[in-house]
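Fold the stuff below for me.
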Amino acid sequence: AGAALTRRARVSQAAIMGELLWALFPGPVGRWDDGNKIRVKLYGGVLASATKPLVLDGANLFAIESNNEWEIVQVRDCVLVGAGEYELSGFLRGQLGSAHAMRSPHPVGARIVKLDERLARADIGAHEWNEALGFKAPPAGGGASDARSASLTATLPHAALRQWAPAQVRALRQSSGDVAIGWVRCARAGGDAWGATEPPLGAASESYLLEIMSGTVIKRSVSVASAAYLYTVAQQTADFGSPPGSLQVRVAQLGEAGGLGLKKELTITL
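Residues are numbered from 1 along each chain as shown. Sure, this is the predicted structure:
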């Protein structure tokens, strides 16, 4: 890849990939999705079911195409139903912070890729993220000038650096009329431990962007240094004319150099 076409990765076997034959509709996040069932057509390779403990330990991880994003899912049951065709069920949805990429639905024809040791991570320079980058993939033993090389130009957003969207956003009107807004940070890395300490921030300091919305209009935008904000009666009156009966809230954690993470948005009745 790149202007000088330097080697960035070596792939020794084909990925297990294919496409959806049935649409995949939205499902719950943080618990088993047993309501959805899909069929997929593979271009090669085989799949196998995994027990619940193995799935919870990271088995059967897939990426499903979602416009310019990918929803990461895990699958418990993989049943062969035809030549290269599998029926998948028992999902864990929106894994690795990808709940925002859940489409309604993922349509027939959407690509699906198994995330396993068959994939290779490309070496990308810091200056190459968010820039159009040319790739060439020659066949085994060939060079970049091989006429059989596949070519691709891609702009890589460095999505793995984005802070994950906060969870458990809540708002409660107090006796004073002020509204206490709070949420829980989702750790992008190191969040699986059950110890007493907080998982790593993934940034030099903790900060969030909180927006109070009215439809698509931002009524108030504030930066806060903790997962809480007190929305006073005076502020509510200034923004809406009087204290509203519900709040449309949007919040995101800020990462390194102020990079905006994924946003969580919902409307809460007060």
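
From here on, just use CA atoms for contacts and neighbour counts.
OK.

since we're on Ala14, how many residues are nearby?
Taking other C-alpha atoms under 10 Å as the neighbour definition, Ala14 ends up with a count of 11.

Who are the contact partners of it?
If a contact means C-alpha atoms under 8 Å, 6 or more residues apart in numbering, then Ala14 has Arg118 as its contacts.

Over to Val224?
By C-alpha under 8 Å, 6+ apart, the contact list for Val224 reads 207-210.

Those in strands, which ones?
Taking DSSP state E as the definition of strands, these contribute 208-210.

Tell me the one of those residues nearest Lys52?
Tyr208 (35.0 Å; C-alpha to C-alpha).

Counting neighbours, which bits of stretch 255-270 end up buried?
Using 16 or more other C-alpha atoms under 10 Å as the burial criterion, the residues of stretch 255-270 that qualify are 255, 260-265, 267.

Output that stretch as PDB, nothing but the C-alphas.
Extracted in PDB, the C-alpha atoms of stretch 255-270 (Å, rounded to 0.1, in the frame of the first residue of the first chain):
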ATOM      1  CA  GLY A 255     -10.800  10.900  23.400                       C
ATOM      2  CA  GLU A 256      -7.200  11.900  22.700                       C
ATOM      3  CA  ALA A 257      -6.700  15.400  21.300                       C
ATOM      4  CA  GLY A 258     -10.500  16.000  21.900                       C
ATOM      5  CA  GLY A 259     -11.500  13.400  19.300                       C
ATOM      6  CA  LEU A 260     -15.300  12.900  19.500                       C
ATOM      7  CA  GLY A 261     -16.400   9.400  20.400                       C
ATOM      8  CA  LEU A 262     -19.600   7.600  19.400                       C
ATOM      9  CA  LYS A 263     -22.800   9.300  20.500                       C
ATOM     10  CA  LYS A 264     -25.600   7.900  22.600                       C
ATOM     11  CA  GLU A 265     -28.900   9.600  22.000                       C
ATOM     12  CA  LEU A 266     -32.300   9.000  23.600                       C
ATOM     13  CA  THR A 267     -35.500  10.900  24.800                       C
ATOM     14  CA  ILE A 268     -36.300  10.600  28.500                       C
ATOM     15  CA  THR A 269     -39.700  11.400  30.100                       C
ATOM     16  CA  LEU A 270     -39.200  13.400  33.200                       C
END
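
tell me the mean pLDDT over it?
Computed over stretch 255-270, the mean pLDDT rounds to 91.

Also stretch 61-68?
For stretch 61-68, the per-residue pLDDT averages 95.

can you pull the buried residues of it?
Buried positions in stretch 61-68, judged by neighbour count with 16+ other C-alpha under 10 Å: 61-66.

contacting residues around Ala48?
77-79.

Quick one, which of those residues are buried?
Applying 16+ other C-alpha under 10 Å to the contacts of Ala48, the neighbour count classes 77-78 as buried.

rewinding a little: list just the nearest of the contacts of Val224 to Pro199.
Pro199 has its nearest neighbour among the contacts of Val224 in Ser207, at 15.1 Å by C-alpha to C-alpha.

thinking Ala228 is in contact with Trp183, fair?
Yes. Taking contacts as C-alpha atoms under 8 Å, Ala228 lies within contact range of Trp183: 6.7 Å.

ok so, going back, now the buried residues of stretch 61-68 in CSV, with distance to Val113?
Putting the buried residues of stretch 61-68 into CSV (distance: C-alpha to C-alpha, whole Å) gives the following:
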residue, distance to Val113
Leu61, 9
Phe62, 6
Ala63, 5
Ile64, 7
Glu65, 9
Ser66, 12
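
For Tyr86, give me its contacts.
Counted by C-alpha under 8 Å, 6+ apart, Tyr86 has contacts 39-42, 47, 78-80.

Relative to the whole chain's centre, how far out is the biggest strand by length in the chain?
Looking only at the chain and at elements set by DSSP E, the strand with the highest residue count is strand 69-82. In terms of C-alpha atoms, centre = their mean, to the nearest Å, the centre of strand 69-82 is set 17 Å apart from its chain centre.

can you give me the helices for the stretch 1-150 of the chain?
Taking DSSP state H, counting those that start in this stretch as the criterion, the stretch 1-150 of the chain contains helices spanning 52-56.
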